[in-house]
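Trainee: Make a model of this:
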Amino acid sequence: MRLKNLWDETIGKQIGYWPVELPGPRGAAGVEETVLAVPGYYQAQTYTCGFTPGLMVLHTFHPRRSPARFLRAVAPDPAEGGTPRDRLVRALRDNRIGVGHLRRHTFEAIARRIEDGQPIITMVNNGRGNHWVVLYGVERGAAPTVYVAANGLAYLSRVRYPWASFERIWEPRATLACWGL
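Mentor: Coordinates of the predicted model:
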């Protein structure tokens, strides 16, 4: 992934993210896929993993919203280890993003939401703790797959995850389906 030229690295460090390009559809024959046009951001500080996926979703539906204003609303705190779910949900809702908690923790439930145009903010466990990510695409078929925007975690740098692999690191209780209001 590469940094977009229109962003100064200094601004990214101050705000807490850097824009990056997320891979789009594969276009492989026989693959039924849905990939949402979610902007990719790479978190600039270790504790901004809640802010960064929230900003990706916010800019999916409201691309002109101020990152600095959203950062203040999310208020990631290094002492807390980032952003609690309730504060992230409140910041999204205050910025005209509908948020629903996913009740069914299955590939089918994720796929239906994404196919309805709803990116998913969720958590994965990286072995050291939980980390917020965005699910922005799915592939159906013999090998169900999810597309993960991981905010720069090296072990999650593969964007397409086979569902069975993703399910092993997924923390489904914190799964938020999002839509624009």
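Trainee: correct me, but Leu176 touches Arg103?
Mentor: No - under the criterion of CB atoms under 8 Å, Leu176 is not in contact with Arg103, lying 11.6 Å apart. For glycine as for every other residue, the C-beta is placed from the backbone atoms N, C-alpha and C.
Trainee: Who has more neighbours out of these two?
Mentor: With neighbours defined as other CB atoms under 10 Å, Leu176 and Arg103 compare such that Leu176 has more, 26 against 9.
Trainee: what bridges to the more buried one?
Mentor: Using DSSP bridges, the beta-bridge partners of Leu176 come out as His101, Ile121.
Trainee: dump the residue contacts of it.
Mentor: Applying CB atoms under 8 Å, 6 or more residues apart in numbering to Leu176 gives the contacts Arg85, Leu88, Val89, Leu92, Val99, Gly100, His101, Leu102, Ile120, Ile121, Thr122.
Trainee: So what touches stretch 85-102?
Mentor: Outside stretch 85-102, the residues within contact range by CB under 8 Å, 6+ apart are 50, 54, 57-58, 61-62, 65, 70, 73-75, 109-110, 113, 120-122, 132, 172, 174-181.
Trainee: Inside strands: which ones of the residues you listed?
Mentor: Per DSSP state E, strands hold the following members of the contacts of stretch 85-102: Ile120, Ile121, Thr122, Trp132, Pro172, Ala174, Thr175, Leu176, Ala177, Cys178, Trp179, Gly180.
Trainee: what separates the second one from Arg128, distance-wise?
Mentor: For Ile121, the distance to Arg128 under the criterion CB to CB, to the nearest Å works out to 20 Å.
Trainee: More neighbours: which of those two?
Mentor: Neighbour tally, Ile121 and Arg128, criterion other CB under 10 Å: the higher count belongs to Ile121, 25 against 6.
Trainee: For PyMOL, write the select line for the buried members of the contacts of stretch 85-102.
Mentor: In PyMOL, this line selects whichever of the contacts of stretch 85-102 come out buried by 16 or more other CB atoms under 10 Å:
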select buried, resi 50+54+57+58+61+70+73+74+109+110+113+120+121+122+132+174+175+176+177+178+179
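Trainee: This completes my enquiry, with thanks.
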